[in-house]
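Novice: When you get a sec, could you give me coordinates for this:
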Amino acid sequence: MNEEEVLLGKIKTQFEESLSKKGFLTKEDLDKAVAARMKAFEGLDLDQLKQFTDPDKGITAILKKQGEAITALAEGVKGKSDENPFKVALDAKLKDAEKIFHDRSSNQEIRLNVKAAAVMTTTNGVTGHSTLPDALIESFSEAAFVPKRQAREYVYDLANVTTVDEVEQYKIWLEEGSEEGAFAVVAEGGLKPLVSTSLVRNYSTVRKVAGKYVVTEEFAKFRRNAYNIIQRIIQQKMLRDKAGILTTSLLGDAASYVSSALDGQYPAEQVTDYHAIAAVAAQIEALGFVPDMLILNPEDKWRIGMLQGSNGQFFLNIPSIDPTGAPRLMGFQVRTSTKIPVGEFILGESGLWEIEQEPITVRMGYGVTVTGGTSNGGGNVTDVQPDFDHNRFRVIVEQFFHNYIASNNDGSFVHGEFDAIKELVTAEEEEIE
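Specialist: So this is what the prediction gives:
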């Protein structure tokens, strides 16, 4: 073997070691990469080849010379390296997104997630009034943000709400079951009566309320104040929508009016909404509960407040306010909400319907937006847009929670209709005669 062949062998070995470190692990890929690099030495004389065997200059020089070719081959080969280039770029992007999403509270977190959602951009994220004056740019100041007025959510007033660090999939508890026998006075030497009781295990399954939104990085970067406001609005919307879900569950757990000692006792011309409320209170108290909260539509609150006797005197002082400043009706705390339909009400003992929840979780990441197709796989997908390629990111807002009422507390609150209950407490005309 002549000196030229020895030098070429050394150069080839150096290339193999260098390229192996860069991820060309299979023999086929390695041979292909080395062959491409060795073309650079065709036609070189012996002195030039000796320069490339210098450990301090050789490989560095050749890699610089062949940098573009190495990059092209590396992109076409699926090698294994210490760090995934895509992961490095994605992590860097997420760090930038986290800096943008800077006003999250301490009980929230950032996680990677991939979901699809609508997109908020600098074009549709903030819209202007159609008649803004031309001179606006010359002199203006910015006032405080003005939110929409939302309906009052009453479910949190009636329920007992507990926030914990983390909820489990199931919430279990023990309830008092049936009992047999009774204690009695026993004479000396007499037989003591047998007494027994039992426990019943009950459980609740976790639920999750969640939503998502997609934002362009330009919107988050150039509309910082607007984006911060939108984050708060979306979190508040999640809480309102969750309250609507809880209200549906609450109404499902509420008892109906069945009967009380007030049924059929009053002439039709004397029956008022007070009689309906009193009849429901009587039913609740007959079960051993103590009703303390009345929830009405505001229209019904004022209609009842305007009720007058035959002499024109109001039944109640207007307004009727307790020392804490809360309105009261017939001794009950009053909560008003447009979520209660006109003509209906809820009366019950507060604090027995349970809500256990985690803090709100915010998760940020990249995903894809799919156009066309359906969730069950039908139809044709017409477009797929990755967030990373379109300079945007998405945010997931969610909360895990339990809501339940123990079986032994069934009947502690009642959902009723004024007209239906008033009919039940109205006496038949024959009975009046």
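Novice: okay, now residue 366: neighbour count?
Specialist: Using other CB atoms under 10 Å, residue 366 has 21 neighbouring residues. To be clear about C-beta, it is placed using only N, CA and C from the backbone, and glycine gets the same treatment.
Novice: tell me the contacts of the nearest residue to it once chain neighbours are set aside?
Specialist: Leaving aside its chain neighbours, residue 366 sits nearest to residue 387 (4.3 Å; criterion: CB to CB, 6 or more residues apart in numbering). For residue 387, the residues meeting the contact criterion (CB atoms under 8 Å, 6 or more residues apart in numbering) are 214, 366-369, 393-394.
Novice: Parallel or antiparallel, list what pairs with the longest strand along the chain.
Specialist: For the chain, the strand that runs over the most residues, judged by DSSP state E, is strand 392-404. Applying DSSP bridges to the sheet, strand 392-404 is found paired with strand 207-216 (antiparallel), strand 353-357 (antiparallel), strand 361-365 (antiparallel).
Novice: Using PDB, list the CA coordinates for it.
Specialist: C-alpha atoms of strand 392-404 as PDB (Å, rounded to 0.1, in the frame of the first residue of the first chain):
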ATOM      1  CA  ARG A 392     -49.600  30.700  16.200                       C
ATOM      2  CA  PHE A 393     -50.200  28.800  19.400                       C
ATOM      3  CA  ARG A 394     -53.300  27.400  21.200                       C
ATOM      4  CA  VAL A 395     -54.400  27.500  24.800                       C
ATOM      5  CA  ILE A 396     -56.500  25.000  26.700                       C
ATOM      6  CA  VAL A 397     -58.500  26.100  29.700                       C
ATOM      7  CA  GLU A 398     -60.000  23.400  31.900                       C
ATOM      8  CA  GLN A 399     -61.100  22.500  35.400                       C
ATOM      9  CA  PHE A 400     -61.800  19.100  37.100                       C
ATOM     10  CA  PHE A 401     -64.600  19.000  39.700                       C
ATOM     11  CA  HIS A 402     -67.100  16.800  41.500                       C
ATOM     12  CA  ASN A 403     -70.700  17.800  42.300                       C
ATOM     13  CA  TYR A 404     -73.000  15.700  44.300                       C
END
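Novice: for residue 411, helix, strand, or coil?
Specialist: coil (DSSP: H, G, I helix; E, B strand; the rest coil).
Novice: Now list the buried members of the contacts of residue 387.
Specialist: In terms of neighbour count (16 or more other CB atoms under 10 Å), the buried residues within the contacts of residue 387 are 214, 366-367, 369, 393-394.
Novice: Quick check: which of the residues you listed has the minimum pLDDT.
Specialist: Among the buried ones among the contacts of residue 387, residue 369 carries the lowest pLDDT, at 81.
Novice: burial count for the nearest residue to residue 341 once chain neighbours are set aside?
Specialist: Excluding its sequence neighbours, the residue lying closest to residue 341 (CB to CB, 6+ apart) is residue 297, at 6.5 Å. When neighbours are defined as other CB under 10 Å, residue 297 has 18 of them.
Novice: pLDDT weak spots in the stretch 101-250 of the chain?
Specialist: Along the stretch 101-250 of the chain, segments meeting pLDDT under 70 span 101-118, 120, 122-130, 140.
Novice: Please, where are all the helices along it?
Specialist: Using DSSP state H, counting those that start in this stretch, the helices of the stretch 101-250 of the chain run over residues 155-158, 217-222, 224-253.
Novice: Make a markdown table out of these and add mean neighbour count and distance to residue 268.
Specialist: Formatted as a markdown table, the helices of the stretch 101-250 of the chain follow (neighbours: other CB atoms under 10 Å; distance: least, CB to CB, whole Å):
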| stretch | mean neighbour count | distance to residue 268 |
| --- | --- | --- |
| helix 155-158 | 20 | 32 |
| helix 217-222 | 17 | 63 |
| helix 224-253 | 16 | 29 |
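Novice: tell me the contacts of residue 173?
Specialist: Going by CB under 8 Å, 6+ apart, residue 173 touches 201-203, 406.
Novice: top of those by neighbour count?
Specialist: Neighbour counts for the contacts of residue 173 peak at residue 406, which has 17 neighbours (criterion: other CB under 10 Å).
Novice: Which residue, other than its chain neighbours, is closest to that one?
Specialist: residue 175 (5.5 Å).
Novice: domains in the protein, as residue ranges please.
Specialist: When the chain is parsed with automatic domain parsing, its domains come out as 3-76, 84-126+146-433.
Novice: Okay, and residue 312 sits in which element?
Specialist: Per DSSP states H and E: residue 312 is located in neither a helix nor a strand.
Novice: Would you list the phi and psi of it?
Specialist: Torsion angles at residue 312 (phi, psi; degrees, to the nearest 10) stand at phi 90, psi 0.
Novice: Number of residues surrounding it?
Specialist: Using other CB under 10 Å, residue 312 has 6 neighbouring residues.
Novice: rewinding a little: quick one, which of the strands paired with strand 392-404 gets closest to residue 238.
Specialist: The closest approach between residue 238 and any of the strands paired with strand 392-404, judged by CB to CB, belongs to strand 207-216 at 5.9 Å.
Novice: Looks like the residue nearest to residue 341 contacts residue 338 (just checking).
Specialist: Yes: here residue 297 reaches residue 338: they are 6.3 Å apart, a contact under CB atoms under 8 Å.
Novice: mean confidence score for stretch 324-333?
Specialist: Averaged across stretch 324-333, pLDDT comes to 82.
Novice: Pull out the buried positions in that stretch.
Specialist: Here stretch 324-333 shows 327, 329-330, 332-333 as buried, counting by 16+ other CB under 10 Å.
Novice: Sitting in strands, which of those do you find?
Specialist: Judged by DSSP E, the buried residues of stretch 324-333 include 329, 332-333 as members of strands.
Novice: Can you tell me which of those residues is closest to residue 426?
Specialist: Closest to residue 426 out of those is residue 329 (21.2 Å), distances taken as CB to CB.
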